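A.B. asks: Please find the sequence and the predicted model below.
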Amino acid sequence: MVFSHSLGSESQFDAVFIGAGIMSSTLAALLYELEPEIRILIIERLEAPALESSAAINNSGTGHAANCEFNYTPISCDGNINIQKALDINHSFEISLEFWASLTELDRLSPSSFLHTLPHISFVYSEEDIGFLRERYTRLRATRPFKSMEWSEDKDELQEWIPLIINGRNPNEKVAATRMKRGTDIDFGALTSSYLNTLMNNGAVELRLSTEVIDIKKTNKDSWRLSLVNEKETYCVQAPFLFLGAGGGALNLLQKSGIPEGNSYGGFPVSGQWLVCNDSGITQQHNAKVYGKSALGAPPMSVPHLDTRWVDGEKSLLFGPFAGANTKFLKNGSSMDFFRSINPLNFSPMLQAGIKNFDLIMYLLGQVRLDHDAKIHSLKTFFPDVKSKDWTLAVAGQRVQIVKKTSQGGVLKMGTEVVTSSDGSLAALLGASPGASTAVSIMLEVLQRCWSEKMSTDGWQNRLRQLIPSFRLDINSDKALLEKIHQRTNSVLRLSS
Ligand SMILES: Cc1cc2nc3c(=O)[nH]c(=O)nc-3n(C[C@H](O)[C@H](O)[C@H](O)COP(=O)(O)OP(=O)(O)OC[C@H]3O[C@@H](n4cnc5c(N)ncnc54)[C@H](O)[C@@H]3O)c2cc1C
């Protein structure tokens, strides 16, 4: 039986979301636009929203649109560059931009508080990588979303694009770069808070901070009972729909829910660090996100990049991430998280995934051994004149990569995965990447899988088309539509074209 999510049930809330990060807040914002009478309870174990992966300093803030990230254009078995993933990610990000533009027009968001336009640049400096980049550029530039991509091997031009990276290089060294001016830096923490403030002000969301969900059980009345604990008490709440937007904590909660769909999963934590520079003399000389190629065996999320960031409105530079290894599933979690997640159902798939990804484990161990000087040395390949004293180390957010039981054994997955119960009363989000940038598309998938009856009504369909004009349309094959959408989002969100 498909769960109907009838509003106004016996429970005080129509839905409970665990975790106050970008995912829960995006789902709440979408649901409010579709069903303004909805009452949602969001429970957060920390003292404020967006203190884990969604906090600006805990992620790279890249509006992932495949403008500059090499991992979205892998080489296929036939030796050619496959651009399909790049087109898909680009469209997903466009959906986020459309939603933010609509909320801006409705006066519910102010883009200047979370979004900065910033060129996205791919940079390479070896003969082989220049060949790869040229091929990537040629293939992407032939498609409509990437038609404004620029190419340069000219040092004078590159000096204007990325002076810190070009200055101090061997004059004989060959370099090349592509640039998309319509890139973004996003403070996902500020966006989370903006969503939540609006939703709390209009009465759609109640946010309970410093409150941890410690258990989840399905009752026999088609609802979920959650056990909560705060400083003063332990108590229960009930709701017909439950979203596990707990970031790295979602796997553990999914296992507690007991739904069979959760049995296929395990998680593998990867921690991270950045080098950060706040010296305005240096930060003023760089205005881009510059992605390089990752080292052999490195996971896609470890692609080195030198980024301009705006955190709490302050401009800084960030380089990394340097991957690390610890056993926490949340930055503010416990070292026991990983061990508690292992059970008889996922032990063997985890072991198989570990054996298959031995090079990744070796890479992570190598990264753990890097001291400050070694990290500065790695930055030197990007920024030859770097001075160690200008950079400090900051701890990034924790990622929990998914290990999934498949017919081929345990497989390590780098993306995100929506897991839902068969009756649609529970949804969980596992994995990290491309994450926050594509939160709107991911949450539309949650709605499609868990609120399918409502999603097929004219009311929801029409509202979704107002909010996201490209909803269910293939904008990449419709030139006029793509241009119209770009014009609107560029104008409302003040993006560079
Ligand atoms: C190093 C790094 C770099 C990244 N770079 C980018 C990037 O450039 N662009 C991009 O789009 N994405 C990026 N991401 C991914 C992005 O940050 C995440 O996908 C996104 O923030 C996840 O949001 P979330 O709401 O699911 O989780 P979170 O923001 O982690 O929020 C989960 C919340 O749940 C709470 N919680 C957990 N367990 C419980 C419990 N039992 N009870 C109550 N509350 C609980 C936590 O305290 C937390 O506040 C990056 C991630 C990392 C780690």
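C.D. replies: Yep, that arrived. Given the structure is predicted, the values throughout are model-derived calculations rather than measurements.
A.B. asks: Residue ranges in the stretch 201-350 of the chain under the pLDDT threshold?
C.D. replies: 295-302 (pLDDT under 70).
A.B. asks: tell me which parts of it are close to the ligand?
C.D. replies: Within the stretch 201-350 of the chain, the positions lying close to the ligand (Cβ under 6 Å from any ligand atom) are 212-213, 245-247, 249, 253, 272, 321, 330. The way it works is simple: take the backbone N, C-alpha and C, and place the C-beta from them, glycine included.
A.B. asks: Now, those residues that are in helices?
C.D. replies: Judged by DSSP state H, helices contain the following of these: residue 253.
A.B. asks: what two of the residues of the stretch 201-350 of the chain next to the ligand are the furthest from one another?
C.D. replies: By the measure Cβ to Cβ, 213 and 321 form the most distant pair in those, at 28.7 Å.
A.B. asks: related to what we said a few turns ago, closest to residue 337 out of the residues of the stretch 201-350 of the chain next to the ligand?
C.D. replies: Closest to residue 337, out of all of these and judged by Cβ to Cβ, is residue 330, at 7.1 Å.
A.B. asks: and the closest one, how many neighbours does it have?
C.D. replies: 23 (other Cβ atoms under 10 Å).
A.B. asks: so what's it up against?
C.D. replies: 52, 247-249, 337, 398 (Cβ atoms under 8 Å, 6 or more residues apart in numbering).
A.B. asks: Which helix or strand lies directly C-terminal to the helix or strand that contains residue 178?
C.D. replies: Element membership for residue 178 (DSSP states H and E) is strand 176-180. Later in the chain than strand 176-180, the nearest helix or strand by DSSP H and E is strand 184-186.
A.B. asks: Buried residues in the helix or strand following that following strand, which are they?
C.D. replies: Counting by DSSP H and E, the next helix or strand C-terminal to strand 184-186 is helix 188-201. For helix 188-201, the neighbour count (16 or more other Cβ atoms under 10 Å) marks 188-199 as buried.
A.B. asks: thinking again about what came up before, helices and strands around the strand holding residue 178, which ones?
C.D. replies: strand 120-124, helix 127-141, strand 150-152, helix 155-161 (3 or more Cβ pairs under 8 Å, 6 or more residues apart in numbering; DSSP states H and E).
A.B. asks: returning to what we had before: quick check: of the buried residues of helix 188-201, which lies closest to residue 315?
C.D. replies: The closest of those, once distances to residue 315 are taken by Cβ to Cβ, is residue 190, at 14.4 Å.
A.B. asks: can you give me the strands for the stretch 251-400 of the chain?
C.D. replies: Secondary structure of the stretch 251-400 of the chain (DSSP state E, counting those that start in this stretch): strands located at 265-277, 289-291, 305-311, 314-324, 392-395, 399-406.
A.B. asks: Redo those strands as a markdown table? Include mean neighbour count and distance to residue 137.
C.D. replies: A markdown table is the format used below for the strands of the stretch 251-400 of the chain (neighbours: other Cβ atoms under 10 Å; distance: least, Cβ to Cβ, whole Å):
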| stretch | mean neighbour count | distance to residue 137 |
| --- | --- | --- |
| strand 265-277 | 23 | 28 |
| strand 289-291 | 26 | 13 |
| strand 305-311 | 21 | 18 |
| strand 314-324 | 21 | 24 |
| strand 392-395 | 13 | 33 |
| strand 399-406 | 22 | 29 |
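A.B. asks: For the ones you listed, give me JSON lines that also has distance to residue 111.
C.D. replies: Output for these, formatted as JSON lines (distance: least, Cβ to Cβ, whole Å):
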{"stretch": "strand 265-277", "distance to residue 111": "25"}
{"stretch": "strand 289-291", "distance to residue 111": "18"}
{"stretch": "strand 305-311", "distance to residue 111": "12"}
{"stretch": "strand 314-324", "distance to residue 111": "17"}
{"stretch": "strand 392-395", "distance to residue 111": "26"}
{"stretch": "strand 399-406", "distance to residue 111": "27"}
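A.B. asks: Which of these sits closest to residue 112?
C.D. replies: Nearest of the strands of the stretch 251-400 of the chain (Cβ to Cβ): strand 305-311, 10.0 Å.
A.B. asks: Can you give the contact residues for that closest one?
C.D. replies: 56-57, 60-62, 68, 116, 118, 164-165, 185, 187, 283, 286-292, 315-320, 379, 382-383.
A.B. asks: Sheet partners, orientation included, of it?
C.D. replies: strand 289-291 (antiparallel), strand 314-324 (antiparallel) (DSSP bridges).
A.B. asks: Mind exporting the C-alpha coordinates of the helix or strand hosting residue 464 to CSV?
C.D. replies: Following DSSP H and E, one finds residue 464 within helix 458-467. Only the C-alpha atoms of helix 458-467 are listed here, as CSV (Å, rounded to 0.1, in the frame of the first residue of the first chain):
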residue,chain,number,x,y,z
ASP,A,458,-2.3,19.1,-10.9
GLY,A,459,-1.8,21.3,-7.9
TRP,A,460,1.7,20.1,-7.1
GLN,A,461,2.7,19.7,-10.8
ASN,A,462,1.7,23.3,-11.6
ARG,A,463,3.3,24.7,-8.5
LEU,A,464,6.6,22.8,-9.3
ARG,A,465,6.6,24.3,-12.8
GLN,A,466,6.2,27.8,-11.4
LEU,A,467,9.0,27.2,-8.9
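A.B. asks: just checking, next helix/strand downstream of that helix?
C.D. replies: helix 479-493.
A.B. asks: buried sites along stretch 404-419?
C.D. replies: So for stretch 404-419, counting by 16+ other Cβ under 10 Å, buried means 404-405, 410-413, 416, 418-419.
A.B. asks: just to revisit the earlier point, by neighbour count, which of the contacts of residue 330 wins?
C.D. replies: Ranking these using other Cβ under 10 Å puts residue 247 first, with 29 neighbours.
A.B. asks: just checking, residue 271 touches residue 324?
C.D. replies: Yes. If you go by Cβ atoms under 8 Å, residue 271 and residue 324 touch, sitting 4.0 Å apart.
A.B. asks: Residue 275 and residue 392 touch, don't they?
C.D. replies: Yes. Assessed by Cβ under 8 Å, residue 275 is found in contact with residue 392 at 7.3 Å.
A.B. asks: To residue 217, which of the strands of the stretch 251-400 of the chain lies closest?
C.D. replies: strand 265-277 (19.4 Å).
A.B. asks: Report the inter-axis angle for the closest one versus strand 305-311.
C.D. replies: 80 degrees (axes from the mean of the first three to the mean of the last three Cα atoms, to 10 degrees).
A.B. asks: chain center to strand 265-277, what's the gap?
C.D. replies: 13 Å (Cα atoms, centre = their mean, to the nearest Å).
A.B. asks: for stretch 255-275, same thing?
C.D. replies: For stretch 255-275, the distance to the chain centre is 15 Å (Cα atoms, centre = their mean).
A.B. asks: for it, how far is the first residue from the last?
C.D. replies: 35 Å (Cα to Cα, to the nearest Å).
A.B. asks: nearest spatial neighbour of the most centrally placed residue in the chain, skipping sequence neighbours?
C.D. replies: Central residue of the chain (Cα atoms, centre = their mean): residue 435, 2.0 Å from the mean position. Excluding its sequence neighbours, the residue lying closest to residue 435 (Cβ to Cβ, 6 or more residues apart in numbering) is residue 416, at 6.4 Å.
A.B. asks: Ramachandran coordinates for that neighbour?
C.D. replies: phi -100, psi 160 (degrees, to the nearest 10).
A.B. asks: just residue 382 next, same as before
C.D. replies: Dihedral angles (degrees, to the nearest 10) for residue 382: phi -90, psi -50.
A.B. asks: Pretty sure it sits against residue 318.
C.D. replies: No. Using Cβ under 8 Å, residue 382 is not in contact with residue 318; the gap is 11.7 Å.
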